[in-house]
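Q: let me see the structure of the following:
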Amino acid sequence: MTDLSVPGAAAAPEGASHTPAGLQSARALLARRILVAALNLGSLTALGYALSLVFGTGGWTVADIVIFAAFLVGAPWTVMGFWNAVIGLWLLHGARNGLHAAAPHLAAGESAPPLRARTAVLMFLRNEDAERALSRLAATRRSLDETGAGERFDVFVLSDSDQPQVIAEEEAAFARWAPVLGPTARYRRRERNTGFKAGNLRDFLRRWGSGYEFFLPLDSDSVMGGADILRLQRIMEAHPRLGILQSLVVGAPAESAFARIFQFGMRAGMRSFTIGAAWWHGDCGPYWGHNAMVRVAPFRMRCALPVMPGGGPLGGHILSHDQIEAALMRRAGYEVRVLPVEGQSYEDNPPTLFDFTQRDLRWCQGNMQYWGLLGLRGLLPMSRFQVFAAIMMYVGAPAWMLMTVAAVSKIWEEEYGSIDFAFAISMFFIMFAVSLFPKIAGWLDVALRPGGAAAYGGRLRFAAGAATEVLFSLLLAPAVAFRVTLFLGGLLFGKRMAWNGQQRDAYRLSWRAAFRGLWPQTLFGLALFAAVASGAPSALPWAAPVLAGLCLSVPFAVLTSHPALNRAAGRARLCAIPEEFAPASVLSPLSAPPPAPKLAA
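A: As a prediction, this is how the structure comes out:
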């Protein structure tokens, strides 16, 4: 096997009674992980046994075996999400001091000693709207200055742009914003974007990293409040063996109907899910590559990414850098933690279905590169599991698609009539409830939290948003899963995604553009509909969620990008997030009306 280990990396000392930062007992954390493993394995065993009863009556056919195998591939990650949400909801509303049990580092951020270290605030650009990005960086800079500790932070704009017009706009925008960004603000553009964003960061560390104890990476759509940044740094200063501290990133108010509905669901459900995961992930927490505080010295020395051997889409530099950097930081003996509380840490969500899948497929390609990294030397078992889970998160999509096709094919089997449909339908609703529970936990969290529903505009408005988001998710999931399935198949033939700028602002998607991109989903959905309608029309109600998401993918994409729906949802405050009712101070400079949306041909 090729040795992809990073030279000089050192694992945390074995046999320690506490995690490296001394935040919790290593034995207690192991007990939590064993409990979560038992809950997940027990649930999967029970669901697998129940599924075997559905198909085992008349003997196992090829379709039965395919369905069962696909279930074993796709279900574990759905079940894991269920238990994360259950644990998180219990910690928030059942356990005593549950939040600190999941995040023992929180206490260090509740005091306010003067900062002692210097931090570099880094914004990364790649052929994007520089004016838009730097306005967000300026808002973050102003918020830092308002805390009185702004002199501890220097701003860097790190560009990988290679389009002449974009480069000229970047330089002009930086010249305009430089007085706000501070006297030490610096703009640097690389001629070649070797290593993508991670390579851009390594270049910064070589040039200027020795002057800083921490760095705060920001994407071009990131905005952070100064008080939240100071809290991250105070926690890092209080715990020298804490290597990465990830903030809980939430969506900023959006003009696009697609973005606002999507982020409403993420916002409500993310709190309980993240706290539940943090409770057992502990010192091997998540890193999302932005809106996080990172310790420079161990990152520079121990977190350089390997270059994958071979050519093709899975060779070369790694696209999805963050999960591997987190694993390497933990291997170096430093903890990786998440701050699982909502604050002023924002990002923008993609404005259309197309932009959402474009981003998702880039992550998918990067995560498929992880197959070659499962054998990295010295990774902790928890880190290795997280790398594997990042792969399987995308492998689950073709598994569910394969299960769908196999289930439809059973209509034409002679043993079809012997299936216990009452039991099969019960199984369907059980799995549906399991997959939906992270959202349910989010709704319960909002309802149980004092002032929770009021922050979303009241109980009725929140309930209407929740119902809208569930329908939205039911239509979105099959279209995205089918797109991921096609893309994974294309990887085998050399298809790849480019690392380039992303569309952030709302725009109108034309029927022509939508059909050009989504005709495979439509055709596949119509074929499934015809098969079910001709062979077992009584099964159409149960197949409706999948069939609707595929057959209606074109009108879904067009409608959720349409300016009329954008305006109507905004006026009605449908799927509004708390910042629409109580604007965050850091977002106030960004509240100017957006430009009129353009029509994508």
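Q: report the contact partners of S247.
A: Contacts here follow Cβ atoms under 8 Å, 6 or more residues apart in numbering; on that basis S247 touches 224, 228, 232, 291-293, 338-339, 343, 345. Placement of C-beta: from N, CA and C, glycine included.
Q: closest to M308 out of those residues?
A: Nearest to M308 out of the contacts of S247 is A292 (Cβ to Cβ; 24.2 Å).
Q: what bridges to the closest residue to that closest one other than its chain neighbours?
A: Distances taken as Cβ to Cβ, 6 or more residues apart in numbering place Q246 nearest to A292, at 4.3 Å, with adjacent residues excluded. For Q246, the beta-bridge partners under DSSP bridges are A292, V338.
Q: residues contacting Q246?
A: Residues 285-288, 291-292, 336-339 are the ones in contact with Q246 under the rule Cβ under 8 Å, 6+ apart.
Q: swap the cut-off to 10 Å and go again
A: Residues near Q246 by Cβ atoms under 10 Å, 6 or more residues apart in numbering: 232, 274, 278, 285-294, 322, 326, 336-340, 345.
Q: sorry, back to before: among the contacts of S247, which one lies nearest to S534?
A: V338 (49.9 Å).
Q: pLDDT of stretch 54-74, averaged?
A: Per-residue pLDDT over stretch 54-74 has a mean of 83.
Q: show me what counts as buried in it.
A: For stretch 54-74, the neighbour count (16 or more other Cβ atoms under 10 Å) marks 54-55, 61, 63-64, 66-68, 70-71, 73-74 as buried.
Q: again, but for stretch 136-152
A: By neighbour count on 16+ other Cβ under 10 Å, the buried set for stretch 136-152 is 136-144, 147, 149-150, 152.
Q: ok, now stretch 444-456?
A: Buried residues in stretch 444-456, counted by 16+ other Cβ under 10 Å: 444-446, 452-456.
Q: again, but for stretch 484-504
A: 484-488, 491, 496-497, 499, 501-504.
Q: please flag which of the residues you listed sit within helices.
A: Judged by DSSP state H, helices contain the following of these: 484-488, 491.
Q: could those be laid out in JSON lines, adding distance to L559 and pLDDT?
A: Below are those laid out as JSON lines (distance: Cβ to Cβ, whole Å; pLDDT from 0 to 100):
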{"residue": "V484", "distance to L559": "22", "pLDDT": "94"}
{"residue": "T485", "distance to L559": "24", "pLDDT": "94"}
{"residue": "L486", "distance to L559": "23", "pLDDT": "94"}
{"residue": "F487", "distance to L559": "24", "pLDDT": "93"}
{"residue": "L488", "distance to L559": "28", "pLDDT": "93"}
{"residue": "L491", "distance to L559": "31", "pLDDT": "89"}
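Q: nearest to R176 among these?
A: Comparing these against R176 with Cβ to Cβ places F487 closest, at 39.2 Å.
Q: now the closest residue to the closest one other than its chain neighbours: how far from V405?
A: Excluding the flanking residues, the one nearest F487 by Cβ to Cβ, 6+ apart is L361, at 5.0 Å. For L361, the distance to V405 equals 21 Å [Cβ to Cβ, to the nearest Å].
Q: and R449, by the same measure?
A: Computed as Cβ to Cβ, the R449 to V405 distance reads 42 Å.
Q: on the three-state scheme, the residue positioned nearest the centre of the chain is what?
A: Nearest residue to the geometric centre of the chain (Cα atoms, centre = their mean): W288, 7.3 Å. The three-state label given to W288 by DSSP: H, G, I helix; E, B strand; the rest coil is coil.
Q: and of the buried residues of stretch 484-504, the nearest to L125?
A: G501 (8.0 Å).
Q: identify the residues contacting that closest one.
A: 125-129, 133, 160-161, 163, 166, 220 are the contacts of G501 under Cβ under 10 Å, 6+ apart.
Q: got the residues you listed as TSV, with pLDDT, secondary structure and distance to S43 columns?
A: TSV is the format used below for the contacts of G501 (pLDDT from 0 to 100; DSSP: H, G, I helix; E, B strand; the rest coil; distance: Cβ to Cβ, whole Å):
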residue	pLDDT	secondary structure	distance to S43
L125	96	strand	44
R126	94	coil	42
N127	93	coil	45
E128	91	coil	43
D129	93	coil	45
A133	95	helix	43
D160	95	coil	44
S161	95	coil	48
Q163	94	coil	50
V166	95	helix	49
S220	94	coil	40
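Q: neighbour-wise, which of these leads?
A: Tallying neighbours with other Cβ atoms under 10 Å puts L125 at the head of the contacts of G501, with 27 neighbours.
Q: which ones are touching the nearest residue to it once chain neighbours are set aside?
A: Spatial nearest neighbour of L125, chain neighbours left out: S159 (4.5 Å); criterion: Cβ to Cβ, 6+ apart. Neighbouring residues of S159 by Cβ under 10 Å, 6+ apart: 123-128, 130, 133, 166-167, 170-171, 174, 187-190, 193, 200.
Q: let me see the backbone angles for S159.
A: Backbone torsions of S159, given as degrees, to the nearest 10, read phi -100, psi 140.
Q: same question, E347
A: Taking degrees, to the nearest 10, you get phi -140, psi 170 for the backbone angles of E347.
Q: now swap in R449 and tell me
A: Backbone torsions of R449, given as degrees, to the nearest 10, read phi -80, psi 130.
Q: need the pLDDT of it.
A: Reported pLDDT at R449 in the predicted model: 93.
Q: could I get the contacting residues of it?
A: 92-93, 271, 455.
Q: which one of those has the most neighbours?
A: R271 (23 neighbours).
Q: isn't it right up against V341?
A: Yes: look at R271 against V341 with Cβ atoms under 10 Å: they come within range, at 8.0 Å.
Q: number of residues surrounding the residue nearest to A238 when sequence neighbours are not counted?
A: Distances taken as Cβ to Cβ, 6+ apart put A108 closest to A238, at 3.7 Å, once the chain neighbours are dropped. A108: 18 surrounding residues under other Cβ under 10 Å.
Q: ok, A108 to P217 distance?
A: 21 Å.
Q: go on, V554?
A: Computed as Cβ to Cβ, the V554 to P217 distance reads 37 Å.
Q: same check on H281?
A: H281 is 21 Å from P217, by Cβ to Cβ.
Q: then L29?
A: From L29 to P217 the distance is 27 Å (Cβ to Cβ).
Q: also I430?
A: Note on I430: its distance to P217, by Cβ to Cβ, is 41 Å.
Q: more neighbours: which of these two?
A: Under the criterion of other Cβ under 10 Å, the comparison of I430 against P217 puts P217 first, with 24 against 13.
Q: mind checking which helix or strand that one is in?
A: Per DSSP states H and E, P217 falls inside strand 214-218.
Q: that strand packs against which elements?
A: Contacts defined by 3 or more Cβ pairs under 10 Å, 6 or more residues apart in numbering; DSSP states H and E place strand 214-218 against strand 119-125, helix 130-146, strand 153-159, helix 196-208, helix 226-238, strand 292-295, helix 296-302.
Q: mind running it again at 7 Å?
A: strand 119-125, helix 226-238, strand 292-295 (3 or more Cβ pairs under 7 Å, 6 or more residues apart in numbering; DSSP states H and E).
Q: give the pairing partners of the first one; include direction for each.
A: The partner list of strand 119-125 in its sheet, established with DSSP bridges, is strand 153-159 (parallel), strand 214-218 (parallel).
Q: contacts for stretch 114-124, please.
A: Residues outside stretch 114-124 that contact it (Cβ atoms under 7 Å, 6 or more residues apart in numbering) are 133, 137, 140, 149, 152-158, 197, 200, 204, 208, 211-220, 230, 233, 237.
Q: just the buried ones from these, in ChimeraX syntax?
A: A single ChimeraX command selects the buried members of the contacts of stretch 114-124 (16+ other Cβ under 10 Å):
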select :133,137,140,149,152,153,154,155,156,157,158,197,200,204,208,212,213,214,215,216,217,218,219,220,230,233,237
